[in-house]
Structures are given as structure tokens and as C-alpha cells.
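*Asks:* One predicted model, sequence on top.
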Amino acid sequence: MDSNNSSRFVVTAWRNGHELLQLRHDLYCSETLRREKAVNKVFAWRLRKPDALPLLLESTADIVDVILQDERGGLQHNALRLLYATALSRFVTGLADTQIDLTRDRPSWFPAGKSLQLPLSLLETRHRIVHRHLPSLAELKRAAADSLEWLWEWYWRQLDYAFETGDADGEAEAEFGLETRAAIKEKLQAVLKSYVKERKNEIKQRRQDNKAAQTALSTYTLHFSANTPTQRVLLDLVVDDKMILPTDKKLGSSMSGAFLIWTPLLVAFCTSSTLSINALVTRLLDQLSVFKVSSHHDSIVDSDNPIKEAMYTWLLHILTSSDWAPARRVVAVSAEKKMQEEVLVQIFSGPCFWGLKLAEALLDKGDVASAESWRAVLVAARSEGEVEGDDMELDVEAESITAALPVRRTENGSQEKIQGPVKVLGMWKSRPIGWIPEGWDDDD
């Protein structure tokens, strides 16, 4: 047989394309048991053939495994930070090391005009993990969610083209959720806009049945699968795109109108497990700690930010109001106080003005266990002056921090190095892999 015409056989851990697509569905499923089974399957594959699994498949399983351990609630705060940091740094570093090969061996089915590029936020997070202070747990959770979203878009969704499922296979689309993120977002936006219109009519007619919320919930469950990517798109719309905020929000203005419109729908979503209340609270908390890089002449004072004030008001409403009590109790029995404690942990992991203001409001309610201990932490966080630095980071040159110390000789003639490697502080500036500083010449 002519060797040029012979087929190339590739041994894979999965039996066929359907099994890999099923694994994708389970890894991104909202059901904990299915995600656990999917992660265990990947770990079993890795034991059989350690070097045979694609990097992006392994990274997905590692990140999902950390999230599952976080959801079980059996680990301490710092242990969770280290787990998230390890999974994220392995993913980002591994991809960066192989990016040249991925560019050279571009698959024929890969979208034209696109290149594999990680978001700068993930590169910055990895740099902070390795070279600077470890990011807060809230930041690491957000980076993990962004990583899973990137992996879905650039690896898992591309399997449709690799296995030639495409949009023609309607049954596969219904089973595995093969719609693009843009299509899902457009459909969700239409559902939410329709709800707002019907809800306003309910308010005008003074109806108390919340029929608009139930209609929107039924439409959502009918057209969308209950998976994590869809939930993230929903959170992008209501939180990041600020649909739940008044269009003309000003500092100190009332949020009662927004609560009246959006509370029935969000509570209905959370009580039906369509949306996780923990995910909603975490996304709102992330908005409190977002900072804008601005010049010294045009800086934005954090306490005067009306958007952050609105997010703070929403968080206080969700965590303390009687309207949200059914959604808070869905998590677990007597879970309300535990939820508030978890929020306090996230706030004090990365203090900011509105976060500390929220902590003070929760402690004033008197429903938090060990309130006096938490209040002492609040006082300490404010006294350290971390709030003032929330909107900027200082770029400190490494040379001004530390200077290399000489190697000294001891009495017996042996050499002793006074100081070892020192972490470099300051803003990280991205450099291409293989970049050589100016002034360096190639070897002859």
C-alpha cells in the first residue's frame, strides 16, 4: 500500500465525537452531579494517558473541579484562593507556551480572520498570581468564569465545526446548546424587554399577580437550557449592561422604581433555580470593585459614582429585604446569615468604598453572626486607607524597591548570598513570548 495514501489514525481518550460533545454538555451543565461525573471522567482519561489530552480540555476540567469544591463549602478561604490561582495559572501559562504552535497548525475549520488571544484581564491575573500579591477570591472567581467562557467560545464551540454538526443539525443544537453567544444574547434581550413592557402595564393597572414574571420565566425555560454559559449571558445583560438600573441614574436618586420592575422577575428566576442568587450577588459585588484608569487631572471619585451606588443599593435590597427572602432560602436551610457572611468575606478580601459601606449596612441590621468581630475587621479595613486607592494602581519601578546585594564571604572562605529572588512590584506590561530587551545582541 502506498504510504502517501494510507490513513492516519489518532488514538483519543473518547470513543467518538458524540461522547466528547456529551462531555462538553455535562461540564457546562448547571446540575452539580453531571459536572462532577464529567470532571471525574476527564481525570480518569488523564490517568490512563497523561500526555494525550488537549490542554484546553484539561484546563476546563481543572477549573470546573475547583468551582465544585468551592460550592461544597468544605475549604477555608485561603485554600480556595490557592486552588483557583493554581488552576488559572496552569491554564494561562500552558496556553501561552503553546500559542505559537496553535497559530502555525491552524485547523482548517477554525473561523477565518480570528486568532487565539487571551483577554488581557486573564494575563494580568496570572501575572499577579505569580509575581505580585495573590488576587482576592472574588477576582479569582471572576477570572475562572471568564476562562470557562473563553474556553467555550474558542475550544468547545469549535467542535461543532470539527465534527461538522454546524447549524444544520437541529437536534444536536437542542441537545447541546450550540447557539452562538450573540444569538443567545439577542433572544434573551428580547425576552427581558418584553417583560419590562408587560410589567409596566401591570404596575399601571395595579395588578398584584406578577403574571409578567411568570410569563418571562416560562419563555426562558422553553427556549434556553439551564447551563452556566446562558446564565452568564443573562447576568451580562441585567448587571454588566445595567438593564436593572434607571437610565438616568444620579447620585442619591431613588431605586424604588427599578426594584418594583425587576424584583419579581429576578426572584422568580432565583427560586426556580434558573439563576443562582450567589452568582447574581457575586456579579454585583464585582461591579463595586471595578476601577477606571484615569488621569490625575480627570480622576473619578469612587464615592461619587452613581452606578456603583446603584449596585450597592441592589445588593442591600437582595440581602436584607423581605421580597428576596424566598430566593435567599433556596440555597439551603438557614442560609441567609451564611450568605451575608460570605458577602462580608468577599468585601474584606478586596475592600473598596461601596463594599465597606455595604458591610457596615449589613452589620447595622444585626442579623450577622459575630457582628462585633466583623465590625472590628471593618474598622481595620478603613483605617488602612485602602479605599482611597480603589480607583488606581501605582506603577512603581522595581529598581526603586530593591537593589541587588553583593555576595559576601564568610570567615571560612565560603560564599553566602544575602538576598534571593525578589518579587517585582508595579503594573505589568505585556511582552510577546520570546521578547528580548533592547540592547541584547544575538549570539554569534
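*Replies:* On my side now, so go ahead.
*Asks:* can you count the residues close to Arg15?
*Replies:* Using other Cβ atoms under 10 Å, Arg15 has 8 neighbouring residues. (Glycine included, C-beta is placed from N, CA and C.)
*Asks:* before we move on, what about the one 3 residues further on?
*Replies:* For His18, the count of nearby residues is 14 (other Cβ under 10 Å).
*Asks:* helix/strand/coil for Gln117?
*Replies:* The three-state assignment at Gln117 reads coil, by DSSP: H, G, I helix; E, B strand; the rest coil.
*Asks:* quick one: it from Glu124, how far?
*Replies:* 14 Å (Cβ to Cβ, to the nearest Å).
*Asks:* Also Arg181?
*Replies:* With Cβ to Cβ as the criterion, Arg181 and Glu124 are 23 Å apart.
*Asks:* Leu148 now?
*Replies:* To Glu124, Leu148 is 18 Å away according to Cβ to Cβ.
*Asks:* try Ala96
*Replies:* From Ala96 to Glu124 the distance is 13 Å (Cβ to Cβ).
*Asks:* neighbour-wise, which of those two wins?
*Replies:* Taking neighbours as other Cβ under 10 Å, Ala96 and Glu124 compare with Glu124 leading, 17 against 14.
*Asks:* can you tell me which residues contact the residue nearest to the spatial centre of the chain?
*Replies:* The centre of the chain sits closest to Arg142, judged by Cα atoms, centre = their mean, with a distance of 2.3 Å. The contact partners of Arg142, taken as Cβ atoms under 8 Å, 6 or more residues apart in numbering, are Thr282, Asp286.
*Asks:* and it, that's in a strand?
*Replies:* No: read with three-state DSSP, Arg142 is helix and lies in no strand.
*Asks:* Show me the contact partners of stretch 119-137.
*Replies:* Outside of stretch 119-137, the residues within contact range by Cβ under 8 Å, 6+ apart are 77, 80-82, 84-85, 88-89, 92-93, 96, 139-140, 143, 146-147, 150, 345-346, 349-350, 423-425, 428, 430.
*Asks:* List buried members of these by neighbour count.
*Replies:* 80-81, 84-85, 88-89, 92, 139-140, 143, 146-147, 150, 346, 349-350, 425, 428 (16 or more other Cβ atoms under 10 Å).
*Asks:* pLDDT below threshold where in the stretch 101-250 of the chain?
*Replies:* The model of the stretch 101-250 of the chain has pLDDT under 70 over residues 101-116, 164-180, 225-228.
*Asks:* Tell me where it has helices.
*Replies:* Using DSSP state H, counting those that start in this stretch, the helices of the stretch 101-250 of the chain run over 120-131, 137-151, 159-162, 170-176, 181-205, 211-223, 228-235.
*Asks:* So for Val42, which of these sits nearest?
*Replies:* Proximity to Val42 (Cβ to Cβ) singles out helix 137-151 among these, at 12.8 Å.
*Asks:* Domain ranges for this protein, per the record?
*Replies:* With domains defined by automatic domain parsing, the chain comprises 12-172, 179-292+302-388.
*Asks:* so how far is the last one from its chain's centroid?
*Replies:* On the basis of Cα atoms, centre = their mean, to the nearest Å, domain 179-292+302-388 is displaced by 16 Å from the centre of the chain it belongs to.
*Asks:* before we move on, what about stretch 22-35?
*Replies:* Relative to its chain's centre, stretch 22-35 lies at 18 Å (Cα atoms, centre = their mean).
*Asks:* buried ones in it?
*Replies:* Buried residues in stretch 22-35, defined by neighbour count with 16+ other Cβ under 10 Å: Gln22, Leu23, Arg24, His25, Asp26, Leu27, Tyr28, Cys29, Ser30, Arg35.
*Asks:* In JSON lines: the residues you listed, plus distance to Phe259.
*Replies:* Converted to JSON lines, the buried residues of stretch 22-35 look like this (distance: Cβ to Cβ, whole Å):
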{"residue": "Gln22", "distance to Phe259": "41"}
{"residue": "Leu23", "distance to Phe259": "41"}
{"residue": "Arg24", "distance to Phe259": "38"}
{"residue": "His25", "distance to Phe259": "36"}
{"residue": "Asp26", "distance to Phe259": "37"}
{"residue": "Leu27", "distance to Phe259": "36"}
{"residue": "Tyr28", "distance to Phe259": "32"}
{"residue": "Cys29", "distance to Phe259": "32"}
{"residue": "Ser30", "distance to Phe259": "26"}
{"residue": "Arg35", "distance to Phe259": "33"}
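*Asks:* In TSV: these, plus secondary structure.
*Replies:* Compiled in TSV, the buried residues of stretch 22-35 are given as follows (three-state DSSP):
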residue	secondary structure
Gln22	helix
Leu23	helix
Arg24	helix
His25	helix
Asp26	helix
Leu27	helix
Tyr28	coil
Cys29	strand
Ser30	coil
Arg35	helix
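*Asks:* For Arg206, state which of the residues you listed is nearest.
*Replies:* Nearest to Arg206 among the buried residues of stretch 22-35: Ser30, at 35.9 Å, using Cβ to Cβ.
*Asks:* what are the phi and psi angles of the closest one?
*Replies:* phi -80, psi -10 (degrees, to the nearest 10).
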